[in-house]
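*Asks:* compute the structure for the input listed below.
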Amino acid sequence: MRISLISAANRMPDWVNSAVKDYQQRLGKDIQLQIVDIPLNKRGKNANITKFMEKEGQLMLRAAKSSDHLIALDVKGTRLSTEKMSAKFNDFLHQGVNIALLMGGPEGLSEQCKQACKTHWSLSDLTLPHPLARVLVTEQIYRCWSILHGHPYHK
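*Replies:* Numbering: from 1, shown residues only. This next block holds a predicted model:
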């Protein structure tokens, strides 16, 4: 299974890239984790944020494969425990479905992205900075993998 984390983001700090790479390397061959960054437009006080979000959203949707199951990471989405997320990944894995997790920029996902997604998940009720959210998502993907493979990491 391929999991693509497609996010509207600029350059991540080295600690984020290091953590993401570590979790990517820990995953078994049955799950590939790809990171796809869509560059953010420069926000200024006179910026048209709605237009920027729409453009970034279009690029995010283009980055996903047409066969991917699209999942919006959105504060209003369904909250899942790690065990429930692991069960969802297990279903996708056994169905041969690849997924694309869409993570919006500072203002969230565009309406176009939200509507295109079949599923909406919330990471937390908290507002998380983008670098931390990226590490959180990649760690949870690895944790789900460890549950599915009986690896002791989850304990």
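
*Asks:* does residue 128 touch residue 136 like I think?
*Replies:* Yes - checked against CB atoms under 8 Å, the pair residue 128 and residue 136 is within contact range at 6.8 Å. For glycine as for every other residue, the C-beta is placed from the backbone atoms N, C-alpha and C.

*Asks:* and the gap between residue 98 and residue 47?
*Replies:* Note on residue 98: its distance to residue 47, by CB to CB, to the nearest Å, is 34 Å.

*Asks:* now swap in residue 20 and tell me
*Replies:* With CB to CB as the criterion, residue 20 and residue 47 are 28 Å apart.

*Asks:* give me the more crowded residue out of those two.
*Replies:* Using other CB atoms under 10 Å as the criterion, residue 20 and residue 47 rank with residue 20 on top: 20 against 11.

*Asks:* per-residue pLDDT, the more buried one?
*Replies:* In the predicted model, residue 20 carries a pLDDT score of 97.

*Asks:* give me the pLDDT for the residue nearest to it when sequence neighbours are not counted.
*Replies:* Closest residue to residue 20 apart from its sequence neighbours, by CB to CB, 6 or more residues apart in numbering: residue 138 at 4.9 Å. Residue 138 carries a pLDDT value of 97.

*Asks:* only alpha carbons, please: show the helix or strand in which residue 138 is found as CSV.
*Replies:* According to DSSP states H and E, residue 138 maps onto helix 130-148. Taking only C-alpha atoms (Å, rounded to 0.1, in the frame of the first residue of the first chain), the coordinates of helix 130-148 have been written out as CSV:
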residue,chain,number,x,y,z
HIS,A,130,2.4,22.1,10.5
PRO,A,131,5.8,20.6,11.4
LEU,A,132,4.4,18.9,14.5
ALA,A,133,1.4,17.7,12.6
ARG,A,134,3.6,16.1,10.0
VAL,A,135,5.6,14.3,12.6
LEU,A,136,2.5,13.2,14.4
VAL,A,137,0.9,11.8,11.2
THR,A,138,4.0,9.9,10.2
GLU,A,139,4.5,8.5,13.7
GLN,A,140,0.9,7.3,13.8
ILE,A,141,1.3,5.6,10.4
TYR,A,142,4.2,3.7,11.8
ARG,A,143,2.4,3.0,15.0
CYS,A,144,-0.5,1.6,13.0
TRP,A,145,1.9,-0.6,11.0
SER,A,146,3.4,-1.8,14.3
ILE,A,147,0.0,-2.9,15.5
LEU,A,148,-0.8,-4.7,12.3
